[in-house]
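Trainee: Need coordinates for the following:
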Amino acid sequence: MSGGLERVAPRDPAEVVAEREAIQANLLELDGSFVKQMLEGAALTGQTRQRWTTAAASLAALWETYLAYSAVVDRIAALGTGGRRPSKRELAELTGLLTGGCVQLPDATARGARKDLASTGRPAVTLATAVGAMRRSFAQVTEVTSAVEAVWAAVGPPLDAAEAELASSRPLAAGLGSETEAAFRDAEAGLDALRSASNADPLALMQDGRVDTTAADALQAQVAELGRRIAELGRLRSQARSRIDSLEAAAGAARADRQDALAACQRATALVTVALASPPEVAEPRLAGLSALAAGAQWGRLRAELDRCEAELATSRAQTQELRRLAAAAVARRDELRGLLGAYKAKAARLGASEDVAVSGRYDQARDLLWSAPCDLGAAEAAVSGYQQAILATERRR
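Mentor: Residues are numbered from 1 along each chain as shown. Model (predicted):
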């Protein structure tokens, strides 16, 4: 945008006209820019209002200067770019316009104030001086518009993302309970406040040349988390009845598991001497209370209660299954020792050691322990190991 205002003063009429066209293009681009139009139509506050008031005055003066400057350029074009040789008088006029004071700059100090009738205002300046003055005014205006554009470009995406999230969550939020609805309203109010603040005083967010997006980013994160929570509660609302029914079925299965585990433990303790705790009592869910929470649309509390009940049932079922496994393992160990004892007896027979009194005595001791009820597993393991060692000793002697 600034290219047409940064060229050096031209040296011939064609360059003067070309420069004027570049300046005009840049001014029209600035005048029609979205940021400039928004600033003109917005109810600005704070430092943005102060800086834009100054910049707008500079822009008005810039246009006044340009109109005066452009009128001179039109005359230069008429004298020097028509394809004919100017007369001596015209050449003198053209030279004066190209090199002398010919552009009347606006007098900002006299605007709106009393002025002497005979006053001629400020002295006319050269084309180069007029272009320099326009360049400075242009830079002052674009400094403000560029800063505002940078702020809006930085805070716009997080605010737009928050707005889109709220729009998608709005149909689900209704009926999810007063707490969720209040959080949704707070998020909407926060978005409106940040949007209004960034529109009214965007330059308040520009700190040391960088845009502060902390508030916008925090709001986006807050709204995203709220959207996730609303989605979860919406799913719960549609699945509440099935989850309560599933919880009731799980409680029934947990009771059945407990009875099976209790029977397995009783059978195991009748067969072997093993210390087994009783299966934990089933944490019975308060189904009526859960249904009441669903009927009252207290989805947050219902979710917490369902999660707690499901976790407690899962824990008790896991403990019950572990007890049943320990009971089965104890009986299986007794059966394993019985198998080992039979295998060792067969080996003793192959070695001809079955009639050895020491060996056969150890066998009888182990067999008595293994076929007693309840079987003392510790003593039985030691007896089977002793029988094995006796057979190995006999094998070494032979």
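
Trainee: Enumerate the positions of stretch 228-246 that are buried.
Mentor: Counting neighbours by 16 or more other CB atoms under 10 Å, one finds that the buried residues in stretch 228-246 are Arg229, Ile230, Leu233, Gly234, Leu236, Arg237, Ala240, Arg243, Ile244. C-beta: built from backbone N, CA, C; applies to glycine.

Trainee: brain fart, stretch 320-335
Mentor: Thr320, Leu323, Arg324, Leu326, Ala327, Ala330, Val331, Arg333, Arg334.

Trainee: out of the buried residues of stretch 228-246, which are inside helices?
Mentor: Using DSSP state H, the subset of these located in helices is Arg229, Ile230, Leu233, Gly234, Leu236, Arg237, Ala240, Arg243, Ile244.

Trainee: In this structure the last one contacts Ala294, no?
Mentor: Yes - with contacts defined as CB atoms under 8 Å, Ile244 counts as touching Ala294 at a distance of 6.9 Å.

Trainee: pLDDT below threshold where in this protein?
Mentor: 1-11, 82-83, 108-121, 398 (pLDDT under 70).

Trainee: Spell out which residues make up each domain of it.
Mentor: 3-150, 333-397 (automatic domain parsing).

Trainee: Columns distance to Ala173 on top of those domains, output as CSV?
Mentor: Compiled in CSV, the domains of the chain are given as follows (distance: least, CB to CB, whole Å):
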stretch, distance to Ala173
domain 3-150, 31
domain 333-397, 59
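
Trainee: Of those, which is nearest Arg286?
Mentor: domain 333-397 (40.5 Å; CB to CB).

Trainee: Show me what counts as buried in stretch 196-216.
Mentor: Ala197, Ser198, Asn199, Asp201, Pro202, Leu203, Leu205, Met206, Val211, Thr213, Ala215, Ala216.

Trainee: go on, stretch 263-279?
Mentor: Buried-residue list, stretch 263-279, by 16+ other CB under 10 Å: Ala264, Cys265, Ala268, Leu271, Val272, Thr273, Val274, Leu276, Pro279.

Trainee: quick one: it to chain centroid distance?
Mentor: Computed by CA atoms, centre = their mean, to the nearest Å, the chain-centroid distance of stretch 263-279 equals 53 Å.

Trainee: Show me the helices in this structure, by range?
Mentor: Along the chain, the segments classed as helices by DSSP H run 13-31, 34-41, 46-80, 88-99, 127-173, 178-200, 214-271, 287-295, 299-351, 357-370, 377-397.

Trainee: Sort out which residues of the last one are buried, please.
Mentor: By neighbour count on 16+ other CB under 10 Å, the buried set for helix 377-397 is Leu377, Ala379, Ala380, Glu381, Ala383, Val384, Tyr387, Gln388, Ala390, Ile391, Thr394.

Trainee: out of the buried residues of stretch 228-246, who's nearest Gly32?
Mentor: Ile230 (42.0 Å).
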